[in-house]
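Q: Predicted model follows, preceded by the sequence.
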Amino acid sequence: DLLFRWFVGIGVDDAAWDHSVFSKNRDRLLEGDIAAKFLSAVLAQPKIKRLLSTDHFSVDGTLIEAWASMKSVKQKAGPSGGHGEPPADGGGRNAEADFHGERRSNETHASTTDPDARLYRKGRGKEAKLCFMGHGLMENRHGLLVDACLTFADGHAERVAALHMIEPRADRPQTIT
């Protein structure tokens, strides 16, 4: 994509990065809060700043599927000090698993590869997936994204994220509907 190459300063004939570049630098990017600093710098620009209002906002969320297999979901250690489910016999790291008839919840089970991911489903009859929730705060007058955050996936995450993101920007009490 020529526009991407121009944006990041790669020449037309230069080799582009592969997916491993982001993976290798992910921790550094997250610890440095690079995305938040970039968004703040953009919103501080005089041309953008005068477009922002403090009157009308919308918050929207979306499920972000965790990069963890459902096979990594194991029973948490019980109150008796157990260590969860016994290891599967054979099959290596990615052994076959039969989950039918098994009840799993975030209180009793967790992913061994991504313990922060939560089992979540969009509605009745839908399968549960390991997820996070991403939220974006939009300023409605000009349709600008002014904040974003990532939370655990649960039924209250969007409302809590909305209040957290709107509070420093609104000049009057907020109503969440």
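A: Received it, and whenever you're ready, just let me know what you need.
Q: tell me the strands in the chain, going along the chain?
A: For the chain, applying DSSP state E gives strands covering 57-65, 73-75, 109-111, 118-120, 129-139, 144-152.
Q: count of residues packed around residue 164?
A: Per other CB atoms under 10 Å, the neighbour tally for residue 164 reads 15. C-beta coordinates here come from the backbone N, C-alpha and C atoms, glycine included.
Q: measure it to residue 156 for me?
A: Note on residue 164: its distance to residue 156, by CB to CB, to the nearest Å, is 12 Å.
Q: Residue 55 too?
A: Using CB to CB, we find residue 55 at a distance of 25 Å from residue 156.
Q: quick one: contacts for the residue lying closest to residue 55 once chain neighbours are set aside?
A: Leaving aside its sequence neighbours, residue 55 sits nearest to residue 141 (CB to CB, 6 or more residues apart in numbering; 7.0 Å). Applying CB atoms under 8 Å, 6 or more residues apart in numbering to residue 141 gives the contacts 51, 53, 55, 56.
Q: Give me the phi and psi for residue 141.
A: phi -60, psi -40 (degrees, to the nearest 10).
Q: Quick one, grab the pLDDT at it.
A: Residue 141 carries a pLDDT value of 84.
Q: do residue 36 as well
A: At residue 36, the pLDDT value in this model is 80.
Q: Looking at the contacts of residue 141, state which has the most neighbours.
A: Tallying neighbours with other CB under 10 Å puts residue 53 at the head of those, with 16 neighbours.
Q: Quickly note the distance from that one to residue 21.
A: Residue 53 sits 38 Å away from residue 21, taking CB to CB as the criterion.
Q: cool, residue 128 as well?
A: 32 Å.
Q: Show the residue spans covered by the helices in the chain.
A: 2-8, 19-31, 34-43, 46-49, 157-166 (DSSP state H).
Q: Tell me which of those helices is the most buried.
A: Sort the helices of the chain by mean neighbour count, taking mean count of other CB atoms under 10 Å, and helix 157-166 sits at the top with a mean of 17.
Q: Which residues does that helix contact?
A: With contact meaning CB under 8 Å, 6+ apart, helix 157-166 is reached by 57, 59, 61, 133, 135, 137, 146, 147, 149, 151, 174, 176.
Q: Of those, which is the nearest to residue 46?
A: Nearest to residue 46 out of the contacts of helix 157-166 is residue 146 (CB to CB; 15.7 Å).
Q: surely that closest one meets residue 139?
A: Yes. Using CB atoms under 8 Å, residue 146 is in contact with residue 139, at 5.1 Å.
Q: Next, show the common contact partners of those two.
A: Common contacts of residue 146 and residue 139 (CB under 8 Å, 6+ apart): 52, 57.
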